[in-house]
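Novice: starting from these lines, generate the structure:
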Amino acid sequence: MKLSVVIPARDEEGCIAGTVTALADTLSRNSISHEIIVVDDGSRDGTAEAVLALGLPTVAVERLRVNRGKSGALRAGLAIAKGDVIVLMDADGQDDPAELPRLLAALDGGLDGSDGLDGSDGLDGSHGLDLVTGRRAHRNDRAAKRLPSRLYNWTTARVTGVPGRDFNSGFKAMRRDVARDLDLYGELHRYIPVLAHWAGYRTGEVDVTHHPRVEGRSKFGAERFWRGMLDLVTVKFLTTYTGRPFHLFGGIAALCGLAGTALLTWMLALRISGEAVGSRPALSAGVLLVVVAVQLGSLGLIAELLVHLRRARPPDERDR
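Specialist: Residues are numbered from 1 along each chain as shown. Next comes the predicted model:
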C-alpha cells in the first residue's frame, strides 16, 4: 500500500459519492496503489451508505457512533491508515483530486518555487517536503468565511513563526512518520502544519484549485474563528513551553511580582511620610500581585518537576 486517503465526513450524503468517485478515478488513472478511508463522523443521514453503494474495492468506511469533531475523525482515520504517504481531504467536493499528483510531487522533491511551492524551511522542492498543504489560491467561499480566514492565517504565522497562508486547508499530504507523530484532539487539526514543523519536519504549501460547494452546507460557523484563536494559544504553549514551562509561568510571575513590589514600596514610602494607606486601592493591588506572583512561580516549578519526572521515565513507559 503506497497511499492512504483519509476523508472525514459528517452529513455529506449529497457530496461524498462524487468526491470518492473522482478521487478513485484520479488515483487509478495515475496508477497509484491506494486505499480510501471515509470516516463517518456520527452522520445522521446516509453518508456511509452512499459510500458503500459505490462498491469500490479500495474504499472503506470507518463509522463513529457519535460526532467527535474533525480532529477526532482524522485521528480515527490515521490510526487505521496503512499507506507510506497519507492524504487528508474534505468530503464536500471543494478539493480537486486532480491536484493530488502535485502534492505528491512536492513530497518527492519534484517541484520548485516556479510551481507555487513555498517551503517553511527556505527549501526548494528539490529537497522534498514531509508535509505539504494544498493552498487555496482562489478560494471559492463566501466573504464571511474568507476574511476571518485571512486574519486567522496571518495571526497564526506571526504567533507561531511558521510561514503559511492557508493553515486550515483540509487538503494535505504527508509522510507516514508525520502522521504517526501527530496527536490530534479538540480542534488541533487546524494546526497540523505547525505541529509538524515544531516536531522537526519540513512543511510547505502548494497552490491548488478550489471548487465551490455544490451541495450541502458547511459544518462550521462564525464560532470557528474564536475557537481557532483559543486553540492558537494552546498550540503556542505546546510548541514553545512544553519542555520549559517555568519560562512562561516564571516570566509572568516576575512581571506581577515587580509590579506588586513597586506598588507596595510606594505605599511604604507614603506610610513613612505619615499618610494613611489602609484604604488605598494600590495597597490591595500590590498585595494581590505579589500573591499571584508566588502562585504562578510555584505552578511553574511544579510543571518543571512533572516534565523532569516524565523524561526520567523510560521512553516506552511515558505514555502509560
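Novice: point to the residue nearest the middle of this protein.
Specialist: Nearest to the geometric centre of the chain sits residue 191, at 1.8 Å (Cα atoms, centre = their mean).
Novice: that residue and residue 167 touch, don't they?
Specialist: Yes: between residue 191 and residue 167 there is a contact under Cβ atoms under 8 Å: 6.5 Å. Just so you know, the C-beta spots here come from the backbone N, C-alpha and C atoms, and that holds for glycine as well.
Novice: helix or strand for residue 288, which one?
Specialist: Under the criterion of DSSP states H and E, residue 288 resides in helix 281-312.
Novice: give me the helices and strands touching that helix, please.
Specialist: helix 245-272 (3 or more Cβ pairs under 8 Å, 6 or more residues apart in numbering; DSSP states H and E).
Novice: in the helix it packs on, what counts as buried?
Specialist: 245-246, 248-250, 252-253, 256-257, 259-260, 263-264, 267 (16 or more other Cβ atoms under 10 Å).
Novice: closest to residue 301 out of the residues you listed?
Specialist: residue 246 (6.3 Å; Cβ to Cβ).
Novice: ok, the residue lying closest to the closest one once chain neighbours are set aside - contacts?
Specialist: Nearest residue to residue 246 in three dimensions, chain neighbours excluded: residue 300, at 3.9 Å (Cβ to Cβ, 6 or more residues apart in numbering). Residues in contact with residue 300 (Cβ atoms under 8 Å, 6 or more residues apart in numbering) are 245, 246, 248, 249, 250, 253.
Novice: how about low-confidence regions in this protein?
Specialist: Along the chain, segments meeting pLDDT under 70 span 1, 110-117, 119-127, 144, 216-225, 311-320.
Novice: redo that, cut-off 80
Specialist: 1, 109-127, 140-146, 148, 186-187, 213-231, 234, 236-243, 307-308, 310-320 (pLDDT under 80).
Novice: next, residue 28: secondary structure please.
Specialist: Secondary structure, DSSP: H, G, I helix; E, B strand; the rest coil: residue 28 is helix.
Novice: that one and residue 86: what is the separation?
Specialist: Distance of residue 28 to residue 86, given as Cβ to Cβ, to the nearest Å: 18 Å.
Novice: looking at these two, which is more packed in?
Specialist: Comparing residue 28 with residue 86 by other Cβ atoms under 10 Å, the one with more neighbours is residue 86, at 25 against 13.
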